[in-house]
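In: using only what follows, build the 3D model:
(chains A, B, C and D)
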Amino acid sequence: MQTEYTEDQEAFREVVSRFLSDKSQPAMVRELMESEEGFDSQVWQQLCSEVGLSATHFPEAYGGFGFGPVELGIIAEEMGRYIYCGPFFASCVMAGYALLASASEEAKASLLPEIATGSTIATLVLDNLNSPALVGESLTAREGRLSGNAPLVVDAQNASTLIVIAGEASGLGLYCLATDATGVQIAAVEALDSTRKLASVSFANADVRKIGDISRNTLEQIWDYLCVALAHEMIGGAQHLLESTVDYTKVRYQFGRPIGSFQSLKHRCADLLMEVEFAKAVTHHAAFCLAAGDGEPYVASMAKAMAADTYMKAAKEAIQMRGGIGFTWEEDTHLWYKRAKSSEVFLGTPAMHRERMMSLMEETA
Amino acid sequence: MQTEYTEDQEAFREVVSRFLSDKSQPAMVRELMESEEGFDSQVWQQLCSEVGLSATHFPEAYGGFGFGPVELGIIAEEMGRYIYCGPFFASCVMAGYALLASASEEAKASLLPEIATGSTIATLVLDNLNSPALVGESLTAREGRLSGNAPLVVDAQNASTLIVIAGEASGLGLYCLATDATGVQIAAVEALDSTRKLASVSFANADVRKIGDISRNTLEQIWDYLCVALAHEMIGGAQHLLESTVDYTKVRYQFGRPIGSFQSLKHRCADLLMEVEFAKAVTHHAAFCLAAGDGEPYVASMAKAMAADTYMKAAKEAIQMRGGIGFTWEEDTHLWYKRAKSSEVFLGTPAMHRERMMSLMEETA
Amino acid sequence: MNEMSLDDITGEVNAWLDENWDPNLSLEDWRRILVDGGWATPHWPSQFFGRDFTLEQSAVVARIFNERGVVPVAQTGPRRLAAETILAMGNDDQKSRYLRPILTGEHSWCQLFSEPGSGSDLAGLSTKAQLVDGRWIINGQKVWNTSAHHADYGILVARTDWDVPKHQGISFFLIHMHQPGVEVRPLKQMNGHASFNEVFMTDAVVAAEDLVGGEGNGWAVAKTTLSYERRLGGVGRSFGGVQGDWRGRVYQEYEKELTIANEPYTWYPQRQGRVDLVLPRARETGAIQDPATRQEIARLICMQKGASLASAAAEAKRKSGSNELVPAGSIGKLAASVIARQAAHVHTLISSADAMRSGPDSAENGLVAEVLISVPAISIAGGTDEIQRNIISERVLTMPKEMRADTGPFRDIKRNE
Amino acid sequence: MNEMSLDDITGEVNAWLDENWDPNLSLEDWRRILVDGGWATPHWPSQFFGRDFTLEQSAVVARIFNERGVVPVAQTGPRRLAAETILAMGNDDQKSRYLRPILTGEHSWCQLFSEPGSGSDLAGLSTKAQLVDGRWIINGQKVWNTSAHHADYGILVARTDWDVPKHQGISFFLIHMHQPGVEVRPLKQMNGHASFNEVFMTDAVVAAEDLVGGEGNGWAVAKTTLSYERRLGGVGRSFGGVQGDWRGRVYQEYEKELTIANEPYTWYPQRQGRVDLVLPRARETGAIQDPATRQEIARLICMQKGASLASAAAEAKRKSGSNELVPAGSIGKLAASVIARQAAHVHTLISSADAMRSGPDSAENGLVAEVLISVPAISIAGGTDEIQRNIISERVLTMPKEMRADTGPFRDIKRNE
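Out: Okay, here's the model as predicted:
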């Protein structure tokens, strides 16, 4: 199993980082978050076709580059650092992983290459974002008809294709339909973090195509992949906050001294660095584990729980150490704060993931 | 309901404090904790007969002074501050409250006056110190015979009389027997906090006198009284640690400055002060509530949980801020540290009490 | 001191009100009568709209006003700080010119203290005041100025001497806001509200007679303002509405005044964490069944109870005249931070994924989302947690002070550009 | 540098061992042979018992010694710090006199650095060394001196000049412990163990030729010692026992040496919290079913995994020669504190009321109780958490330094009596 990044991977991070630092500056993020669609389609096309990020983790057979969770993690980490606004997480990560794990060969062959080029934007419709164990209670499919409601779907407004996990008479199934299909209603949901667009999606007896079966076990695995990608996003954000905050304390003077010379701030920054280092190490390790199909069975939940707690801590300190300035709209810190708060509960709270860790550990003990 | 101490009560605290500051100096505590019995019988006699502390909270009919949980709290708080070594908590608080709450008139009349003068040392035998809900599982009484084991009994070695709460065919009963009765075996237990002596007590079909019935509800009430007294002990200890630690930081120099001028220590002391003030206020409030038979139903658990967490935090900071010196045997801080650790789990952990708080709240909601 | 008995006061107030109080007057007309009658601020000196009443005597008047639903003088926003400061530190000319229109509500005021470069370090301010041809010319920027966008006047601190230690070179001014050199811009916060303003002064003018307390004595004057601010619990308070079922023109206008005054503070309950919503929501969502959430709720309840009881105990001690140092203010402020943060944490646990939502369709009409993005303010506004901890450790625990890097002439002290 | 190939080394070592290695020798006899043969410390210079080997070459020797079960030179306690310091900073005379008996185990050493008045502030030491009639007369007190009660010599820092800044007035000495002016007293800790000593020096004598590195250069010499200490992970380590099934007199004596050397450290695993015992105990007691306890166990596992992975990542970066600043040491030390404290917390939850017990009849033969009263040491010994946070914030995050109150002549710096 891989234990550190290869030189190629480090170089890849450089490429991603350079692209995003150029195309996802705070001023652009602010403009996009105020807009309805929430992303810049030109940047999205560059990201997909020129830089090829969207296809990174798909097998070559489906138009991808054949890389895996580690490279995807690098992308997600940099996207978190720059708060990239766009349907990458919804389409490439969420819908992509659901298809890869459970769709029929035919469905994969038809959908994944489209997602890989970015020409199709898909999203994954889950009726519950708290825990995989709760998915499939509200959305149900009976005889090719889909009914029910998913209150929070990422980027549904921007998607043309919905990949749906729905409850069946027994078990779960993977379904696909177009967003403009009859019986589908999509309504924007006001989001705490307006850099990630949300919508509710409801189905009234909508005609739907089944593209695969999903066992509970597979759903847990998909959840793990999503959590690890999200954890990368979060540690990227946390690192940005740590760095920018430490920089701020060096140039902000009060009482004739840079505030970074006050011991209580120094000690808190040291503690924060430690936490960020730990969350980062565990998150990277989680990607290495997924890539190798090895490691602790609970590593994804561990990464999600740690990344979430660390990101929130970094966000609180980032505002607190900036004082009143940090609470203003004009200062950028709140963009990350809101992303941190929203990510904390997306795909399960840290408490849920700690409990899940323990269950997975005890199952295999 | 009382919301602050009366002048009389403040004067009473002065008396208690003066007595203990004289009779329970650290050097004496160290000597007693190394001894087998763990207390000085002469000081005990003075405390009982001269100062009359042992009888404070007993009704006058039983040789007491007719005061209640508030005055008892004052005593316990000062005892915690000075780590008084003696059977006060076992005999006057634990056995005393159990008798007051549940014993027959006859038993009260015969036992309480003896306990009040200090001539009889009693203790309360509980087969479980974690939760009132678990009491009565190991110790059972059938037809006047007591069997089973109580692994942790405070000051049993020093007691002549055992007050026992034991399970019956249905419910619980209060029993009394002499420590030297046939079928009773008492074995000293090595204690983490050697200033509070522990023993295991086991009964092999011992002939026992039933002196009262105890409902589960009454047992919960007794537990509340014990917890509030113990919480007072703990906040007394926590206050001592806070004060002595702050004093230390003012006189200890490193890098040419008193360490109390380093901001991180200052901020941590401020946080600790706040916590101590909160725990103190809640603990005093709990005593006022018990005295008035009013207030939040969960106030005793609240006090115990807060006092325990605060005491441990104070103990950790007290050692940490003293550095290596704080970890030596010669320095006194470890006496309070061990008392804090032991008290944290005595009569239920903070987590148990928080859960109990919520249950009591929801029962009455 | 006024020697009237409490009974006499009761009689006289009621008689005066029977004669003068008319709910159908305009708010301004009524207040003119009230101020001139000397019943508006009876604890003030008789020379200036008062009666030299003790606090006890004044309380009788306030009680009767309250019982009869009598509308009081204007007290919203920073105007009260301005009034008390002018009364305490101004000269007779300033008192005569400024106090009456404050009380009647004709003039609205703002406070121009904080600067972008000096937040926690208020005395490190660098707005410049220069005496040119008998007038003070002001240049600099202020921030966090509630109500500045509709203020007629401002209480201002600015630096008049750069060659003395920082506290000594500050002067205190009364500045007219409606002049070309003063520009007020709203300042939006991360929760979307714009409760404050920034104020830019470019060659703004203050008349020589509007210097309060003398040149270089501004810090002492400002401390008077700040001590009133602390006593009043910060200007950032809600002032309630009209209580009871009173009718008449004066009430309508008063209600309107309060609505405008309260507007910047609608989110203030949210920045304190809305502990009141925790149990109802936990019960409604079923989150109260979750053991880990129960632990966190219990912790929150413990903190809150501890803070409120400790504050009550401190208040009782203060009233009983105890000499024991009671750090109620700073501890209470620090406690509010800790409580708000824990409340936000618990609200997050209760909402789980629903915490991703905001706006009117989200939990409690959006109040929970507003909690989540407003609590960072509680540990900053009105003195950061760090400043409170400094105060507690130095004033209560008497721990030694930090080493200082800001002694000597202000000119030489390192500061933000 | 020695040019031998790794294969040649393998051959030569094995041949030499075939010739010389005899498990039935006495420990001291064997080590004399070993040292004189030049195979004890092959990375040392050939002039002093070594062969100028690179670390890679030395590793071959060590591997062969390990495979064949060959007993190495004495390395326990602070003697290795003394040896490396003398080798690096001593003069030839000192090397000739002291190194050999350290390697053979004839002489045992201790480290006399910390003082009661200077813990975190090591350079603030105030033990005095005065040159009187060509000999150094030492007066002062040292503390935390492991093995001092059976040491023959000590490495000592003392102040020789009180009129220069504190780091400049320190000199480094080699002191003979068996003399009337040196008194060693055991120092008991709060957990009942006595792993350390206090050393009182009253007109103790050091010969002029036992000054290392020259007068006033003691801080540089001490820093060499400290850097070895950091690299070796502190002297407070367990050295393992004899591995494998080897027999012979040399093993018996070696085992005895290790047992004595390890004695002060038996509780060290406990001060780290004994995370290894957490899950087995939680399962055995059923505490693992308790949801609140599960949360805390999960937190502990997270921290531990985070610390171990972060440390491995830092090590990998260091090896790959990355320029990125990797604060592995201080972060690892701080992490150990946090982990130990959380482990103690979890052990407390698991034990519940049983945590009131200690001694052999309590959980895990008393090890859990020992955890509870030993963890406070982990955040103090070898540099407090506060010092680690200073290091991390200043060296890694490059945050500005504290203002200093200890510049100028040492004589004028405020310090403990």
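In: so how far is chain D from the closest residue to residue A:222 other than its chain neighbours?
Out: Leaving out its chain neighbours, the residue that sits closest to residue A:222 by CB to CB, 6 or more residues apart in numbering or on different chains is residue A:101, at 5.0 Å. Any C-beta I mention is one placed from the backbone N, CA and C, and that applies to glycine too. In this view, residue A:101 and chain D are 26 Å apart by CB to the nearest CB, to the nearest Å.
In: right, and residue A:101 touches residue A:224 too?
Out: No. Contact criterion CB atoms under 8 Å: residue A:101 and residue A:224 do not qualify, at 10.2 Å.
In: more neighbours: which of the two?
Out: Set side by side, residue A:101 and residue A:224 show more neighbours around residue A:224, with 26 against 16, by other CB atoms under 10 Å in any protein chain shown.
In: shouldn't the more buried one be within a strand?
Out: No. Read with DSSP: H, G, I helix; E, B strand; the rest coil, residue A:224 is helix and lies in no strand.
In: how about it, nearest residue that isn't a chain neighbour?
Out: Nearest to residue A:224 is residue A:300, by CB to CB, 6+ apart, at 3.6 Å.
In: likewise residue C:342?
Out: residue C:300 is the one closest to residue C:342 (CB to CB, 6+ apart), at 4.7 Å.
In: quick check: the one residue in the stretch 101-250 of chain C that gets nearest to chain B vs residue A:254, distance?
Out: Nearest residue of the stretch 101-250 of chain C to chain B: residue C:120, at 12.8 Å (CB to the nearest CB). To residue A:254, residue C:120 is 5 Å away according to CB to CB, to the nearest Å.
In: who has more neighbours, those two?
Out: Taking neighbours as other CB under 10 Å, residue C:120 and residue A:254 compare with residue A:254 leading, 22 against 17.
In: so where's the stretch 301-417 of chain C shaky on pLDDT?
Out: Applying pLDDT under 70 to the stretch 301-417 of chain C flags residues C:321-328.
In: residue numbers of it in contact with chain B?
Out: C:301-303, C:305-307, C:309-310, C:312-313, C:316-317, C:320, C:327, C:331, C:334-335, C:338, C:386, C:388-390, C:392-394, C:396-403 (CB under 8 Å from any CB of the partner chain).
In: what about burial for those residues, which qualify?
Out: Burial by neighbour count, 16 or more other CB atoms under 10 Å in any protein chain shown: within these this picks out C:301-303, C:305-307, C:309-310, C:313, C:317, C:327, C:331, C:334-335, C:338, C:386, C:388-390, C:392-394, C:396-397, C:399-400, C:402.
In: out of those, who's near chain A?
Out: Restricting these to those near chain A - CB under 8 Å from any CB - leaves C:386, C:389, C:402.
In: wait, which of the residues you listed is closest to chain A?
Out: Using CB to the nearest CB, these come closest to chain A at residue C:386, 6.4 Å.
In: check contacts around that closest one.
Out: Taking CB atoms under 8 Å, 6 or more residues apart in numbering or on different chains, we find residue C:386 in contact with A:262, A:264, A:265, B:267, C:120.
In: rerun at 7 Å
Out: By CB atoms under 7 Å, 6 or more residues apart in numbering or on different chains, the residues touching residue C:386 are residue A:264.
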